[in-house]
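Requesting a structural model of the entry that follows:
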Amino acid sequence: MKRPGSLGRLGSATVAAALLTGCGVRQSDVVEAGGPATVTVLPDAEQRVILFFVSSEGRLTPESRGFFLSQEGEYVVPGGKVLTMLLAGPSEQARAAGLHTELPRSRGFVGVKAGPDQVFVRVSIAVRDLEKTAVRQLVCTAAYVDGGDGNAEVIITGDDGRLPAMDCDA
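Below you'll find the predicted structure:
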């Protein structure tokens, strides 16, 4: 005598086995498809500042922050304010994503004079003994101030002297 439902279980097992066989799809080799993907960062370049923090893996990682129109209707944040934001540390959302800073907190003077090819930075912290990652945070953030494209040479002066000129790629 057959047990009720045993035929249904057998049918279900057969269907499951057929689905697990891969339906005839063959394995293929890795296909090279070009460079890394690019993404659009929001807000757009005229409405954001870029600050560089450090990921949990120790890599420099940008954080994009939006800002509001000035009274003149422009999206301009002075470079000194951008670096003050950097020295204040990552936002709550960036910290939740694992970003941190290697820079000491500073509430002192921050000055920036930006040109098309060079950016001069003055911060109220000692800079000569900063770790390489901390210096790169300053350099890369400064390279993007005042509409910069990240390619400017950056010269940093701190309470203990001046660092050699650097760029963000170094």
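
Verify the contact between residue 86 and residue 49 for me.
No. The pair residue 86 and residue 49 fails to qualify as a contact (C-beta atoms under 8 Å) at a distance of 9.1 Å. Quick note: C-beta positions are derived from backbone N, CA and C, even for glycine.

higher neighbour count, those two?
Between residue 86 and residue 49, counted using other C-beta atoms under 10 Å, residue 86 has the larger neighbour count: 26 against 22.

counting contacts, what elements does the helix or strand harbouring the more buried one pack onto?
Taking DSSP states H and E as the definition, residue 86 sits inside helix 79-88. Helix 79-88 sits against strand 48-54, strand 110-114, strand 118-123, helix 132-143, with contacts defined as 3 or more C-beta pairs under 8 Å, 6 or more residues apart in numbering; DSSP states H and E.

Kindly reformat those as TSV containing mean pLDDT and distance to residue 104.
Shown next, in TSV, are the helices and strands packed on helix 79-88 (pLDDT from 0 to 100; distance: least, C-beta to C-beta, whole Å):
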stretch	mean pLDDT	distance to residue 104
strand 48-54	89	14
strand 110-114	89	13
strand 118-123	94	10
helix 132-143	95	8
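
give the contact list for residue 168.
Applying C-beta atoms under 8 Å, 6 or more residues apart in numbering, we find residue 168 in contact with 136, 139-140, 143, 150-151, 154.

Out of these, which end up buried?
Buried subset of the contacts of residue 168 (neighbour count, 16 or more other C-beta atoms under 10 Å): 136, 139-140, 143, 154.

out of the residues you listed, which one sits closest to residue 111?
residue 154 (13.2 Å; C-beta to C-beta).

pLDDT weak spots in this protein?
Residues of the chain meeting the criterion pLDDT under 70: 1-47, 67-77, 170.

do that again at 80, thanks
The chain contains residues with pLDDT under 80 at 1-48, 66-79, 106-107, 116, 147, 170.

right, so of the helices and strands packed on helix 79-88, which gets closest to residue 103?
Nearest to residue 103, of those and by C-beta to C-beta, is helix 132-143 at 4.9 Å.

Summarise which helices and strands that closest one is packed against.
Helices and strands touching helix 132-143, by 3+ C-beta pairs under 8 Å, 6+ apart, are strand 48-54, strand 60-66, helix 79-88, strand 118-123, strand 153-158.

what would those look like in JSON lines with distance to residue 131?
Shown next, in JSON lines, are the helices and strands packed on helix 132-143 (distance: least, C-beta to C-beta, whole Å):
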{"stretch": "strand 48-54", "distance to residue 131": "10"}
{"stretch": "strand 60-66", "distance to residue 131": "12"}
{"stretch": "helix 79-88", "distance to residue 131": "15"}
{"stretch": "strand 118-123", "distance to residue 131": "15"}
{"stretch": "strand 153-158", "distance to residue 131": "14"}
